[in-house]
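A.B. asks: Got a sequence here, can you model it:
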Amino acid sequence: MSSLSVIILAKNEEKNIGDCIKSAKFADEILIIDDYSTDSTVSIAKTLGARVVEHSLNDSWESQKNFAISITTGEWIFFLDADERISSNLADEISKIVQNNTYICGIVRRYNQFRHYTATHGSVRPDKVLRLCPKKGAHVVGRIHEQLKAPYEEKVLSGKLYHHTYENWEQYFRKFNQYTSLLAQQYVEQKKTIRFVSHILLRPLWAFIKIYLIQGGFKDGKIGFVLSMNHAFYTFTKYVKAYYLYRSDGEL
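C.D. replies: Below you'll find the predicted structure:
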């Protein structure tokens, strides 16, 4: 019978890691790749029976996930973020696929759940992410917004994956700043042309129109407007950072 390894990347996730691991208890192995947490993440994970390996992220989720794949013990892998939870229906569905050992790539539906408000449209609408596949031939590409790749037919699973998003705005903007900096650096490394008018002036406007009007952010009321504006500012910020990285050391 084939075995399954659930892979979780973590750093200072003591508020999330317990419930995350509990939702993955059906797996044969739960592997935590910890980026040298300074809180109780590691002790909680070990108490719950997870295997913990410390390894520096070094600002590359691609490298971190490929490292994780290389040291798993299962024939199948499933990537799970620390702030995500596998529903019981999804757990049953994954288990059946692994037991049958039919080589496919499993795409799951991810639903955002906020602690203090409800938003289900625009930038936080449910999305689909590839998370399950056989270990053989699997690899991850992309320094940021990385993607799992494997040479098998893709299938959308019916079970839900729940994403417990930001606890507060400080956490939101820390990740906002980190991601926009990494994307800007990636654009420079890829020698992507950044134009002031088309990228810095027009693309943020289009980002707002797309998220707020086309994808229905307005249906979520005030928070829908705020998240749509933030998405536009995210687009603006990553291009501003890249634009000035090309011209100087990034300082004003």
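A.B. asks: so what's residue 115 scoring on pLDDT?
C.D. replies: The score at residue 115 is 68. That number is its pLDDT.
A.B. asks: Also residue 216?
C.D. replies: pLDDT, residue 216: 95.
A.B. asks: Report the separation between the residue nearest to it when sequence neighbours are not counted and residue 228.
C.D. replies: Once flanking residues are discounted, residue 216 sits nearest to residue 121: 3.8 Å by CB to CB, 6 or more residues apart in numbering. In this view, the C-beta of every residue, glycine as well, is placed from N, C-alpha and C. As judged by CB to CB, to the nearest Å, residue 121 and residue 228 stand 9 Å apart.
A.B. asks: Give me the more crowded residue out of the two.
C.D. replies: residue 228 (26 against 18; other CB atoms under 10 Å).
A.B. asks: For that one, give me its contacts.
C.D. replies: Residues counted as contacts of residue 228 (CB atoms under 8 Å, 6 or more residues apart in numbering) are 122-123, 208, 211-212, 217-218.
A.B. asks: ok, of these, which come out buried?
C.D. replies: Neighbour counting by 16 or more other CB atoms under 10 Å classes 122-123, 208, 211-212, 217 among the contacts of residue 228 as buried.
A.B. asks: so of those, which ones are in helices?
C.D. replies: Of the buried ones among the contacts of residue 228, the ones assigned to helices by DSSP state H are residue 208.
A.B. asks: which among the buried ones among the contacts of residue 228 gets closest to residue 235?
C.D. replies: Of all the buried ones among the contacts of residue 228, residue 208 has the smallest distance to residue 235: 8.5 Å, by CB to CB.
A.B. asks: hmm, back to that, just checking, the residue nearest to residue 216 touches residue 223?
C.D. replies: No: Residue 121 is not in contact with residue 223 according to CB atoms under 8 Å; the separation is 10.1 Å.
A.B. asks: Partner strands of the helix or strand where residue 157 lies and their direction?
C.D. replies: If you go by DSSP states H and E, residue 157 is part of strand 154-164. Here strand 154-164 is paired, per DSSP bridges, with strand 84-86 (antiparallel), strand 105-113 (parallel).
A.B. asks: where in the protein is pLDDT low?
C.D. replies: Low-confidence segments of the chain (pLDDT under 70): 115-116, 249-252.
A.B. asks: Quick test: name the residue nearest the centre of it.
C.D. replies: Closest residue to the average C-alpha location of the chain: residue 81 at 6.3 Å, with CA atoms, centre = their mean.
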